[in-house]
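A.B. asks: Predicted model follows, preceded by the sequence.
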Amino acid sequence: MIEAQTSMAKGAAPSPSTFAPLHHRLFAVIWAATVLGNIGTFMRDVSSSWLVTDLSASPAAVAMIQAAGTLPVFLFAIPAGVLSDILDRRRFLIMVQIGLGLVSSSLAFLAWTGNATVEGLILLTFLGGTGAALATPAWQAITPELVPRADIKGAVALNSLGINIARSIGPALGGFILAGLGAAAVYGIDVLTYVVVSAALLWWKRDAGAEDGLREHFSGALRAGVRYARASRSLHRILWRAILFFGSASAVWALLPLVARQEIGGGPGFYGLMLGSVGAGAICGALMMPQARARLGQDGLVLAATLITAAATILLALTDFEAVGLIATFVLGIAWITILTTLNGTMQAILPNWIRGRGLAIYLTAFNGAMAAGSLGWGLVAQEIGTDTTLLVAGAVLALSGILAHRAPLPSGEGDLTPSLHWPEPAMAEPVAHDRGPVLIMITYRILQDDRLAFLTALYRLSEERRRDGAYAWGISESAADPEHIVEWFFVESWAEHMRQHRRISKTDADIQTEARRFHQGPGAPLVQHFLGIDRPDGKPTAT
């Protein structure tokens, strides 16, 4: 299983409590199965980490196990996001669960027969990490399908609570079974958790929608995702906030083992207690979040959590008492889950369903990239100036960046992203092949000089929507003979992609179009024309 962190949608009344989504039977069943699956994953990871120490005393071998589990996120998160958008998410997740079950079955067989090797463990750990990387965007993307809009905020906290419950139970349970029954038993139990998760997904009767020939293919869907990411200012703001926070906050995670061992003087047991304290704090944070959000608002909550993270980081730099260290990590857990859930939730709120998996995959890549780069960077700094001084600097950077970032609020995510379906079917002399392109769309307006500035302002707002939904070029032109004759034009790569544009435009974007069109003074609605690219006489496509 993987960490099914999901997020919230905006513009709805607050849920009465974190547990409100459990009133929905579908969410409750899949949530419970997910928690069980994550417990199995943590058990498996503990067993593999311990088993490799039996096979090799090399620290590099242990590090390779860790790297093999996390590297797939960097390699496959964005392709996984594409797959989660173009395939049936339920079926895709079931197939991944089957693959992960086969990985754990192989681990169980090797452990049972005594044929486990370091190389085999690394390979199978990499395959397990690949399965988790492939499934993560899809797990995040299905939440709005499991609960109504008003309960998505509670679903965020519950999913965060679930992963921390699993993190608290899984390693301890895995260690107990490993000591009593051996690694094969741990892996075998993990296989059973995949069976449970698959059964829950099979029980979910998801409406996959009718097939009409407009399903995206991988390469086209990848290009569409890149175009959307380039054009969405709201997405940019969330990504920069995530990179800024996680890049700075990664210092505490990178240096925590050194704090536990060298600065406080604890042993491995105390380090385990510190990690457990983070998990306990995260559970409390998930429970407290609805009330805190209602009091502080989204941006106030993020600022408060950032400052608390900074304070916990500085406290860890200053103390050499175990009790204070545990208090600092507990508070860190509260702040960490608050930031993680809020940023994830805001990302979920701004993404329409057709691009949700790809958008979340881009967020995951930015999050993991910031954590990896930040950990490496702070580690190098600590080599030069020491652990305590590095944590003090990181805490100060966190506090300053949080205060500055608060001046650029996160997107509200209150827009109605439901498809408007208000565009009429294009006029065609004969059916057009889906792969024919490029397609030039021209909208002709007549705008009075007095309305020109307001019209252009609205049209430039509309340009972001055009590019997000599929246009690779956009512009405005005016007639040399009649400046009140203005043409908006944009290019789309194929006829099928333009037909997808018809389905992608949301009700919020339709309102922006209505605002621009109200300045039109000509008879009837603005004239919309579609022009198809014509191949050269030698059969080669025309330049675009």
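C.D. replies: Everything's here; your move.
A.B. asks: Give the buried residues for the helix or strand harbouring Trp336.
C.D. replies: Mapping Trp336 onto the secondary structure by DSSP states H and E places it in helix 322-350. For helix 322-350, the neighbour count (16 or more other CB atoms under 10 Å) marks 325-350 as buried. All C-beta atoms are positioned from the backbone trio N, CA, C, and that covers glycine.
A.B. asks: just how off-centre is it within its chain?
C.D. replies: Counting by CA atoms, centre = their mean, to the nearest Å, helix 322-350 is centred 16 Å from the centre of its parent chain.
A.B. asks: Which strands and helices lie in contact with it?
C.D. replies: helix 152-181, helix 233-258, helix 268-318, helix 356-385 (3 or more CB pairs under 8 Å, 6 or more residues apart in numbering; DSSP states H and E).
A.B. asks: Low-confidence stretches in the stretch 251-400 of the chain?
C.D. replies: 267-269, 271-272 (pLDDT under 70).
A.B. asks: what helix or strand does the residue lying closest to Ser47 once chain neighbours are set aside sit in?
C.D. replies: Excluding its sequence neighbours, the residue lying closest to Ser47 (CB to CB, 6 or more residues apart in numbering) is Val186, at 4.1 Å. Val186 belongs to helix 183-203 when assigned by DSSP H and E.
A.B. asks: Mind listing what's buried along stretch 409-428?
C.D. replies: Buried, per 16+ other CB under 10 Å, within stretch 409-428: Leu410, Pro411, Gly413, Gly415, Leu417, Pro419, Ser420.
A.B. asks: May I see the residues you listed organised as TSV, with distance to Glu430 added?
C.D. replies: As requested, the buried residues of stretch 409-428 are exported to TSV (distance: CB to CB, whole Å):
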residue	distance to Glu430
Leu410	48
Pro411	43
Gly413	43
Gly415	37
Leu417	34
Pro419	27
Ser420	28
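A.B. asks: Just give me the least confident of these.
C.D. replies: Lowest pLDDT of the buried residues of stretch 409-428: Gly413, 76.
A.B. asks: For the nearest residue to Arg436 once chain neighbours are set aside, grab the count of nearby residues.
C.D. replies: Leaving aside its sequence neighbours, Arg436 sits nearest to Trp495 (CB to CB, 6+ apart; 5.0 Å). A count of nearby residues for Trp495, using other CB atoms under 10 Å, gives 22.
A.B. asks: What of Leu301?
C.D. replies: 20.
A.B. asks: got it, and the one 3 residues further on?
C.D. replies: Burial of Ala304 is recorded as 18 neighbouring residues (other CB under 10 Å).
A.B. asks: you'd agree it is up against Arg295?
C.D. replies: No - using CB atoms under 8 Å, Ala304 makes no contact with Arg295, being 9.7 Å away.
A.B. asks: Contacts only, for the one residue sitting closest to the centre of the chain.
C.D. replies: The residue lying closest to the centre of the chain (CA atoms, centre = their mean) is Leu360, at 2.9 Å. Contacts of Leu360 were listed using CB atoms under 8 Å, 6 or more residues apart in numbering, and they are Gly81, Thr136, Pro137, Gln140, Ala141, Asn344, Met347, Gln348, Leu351.
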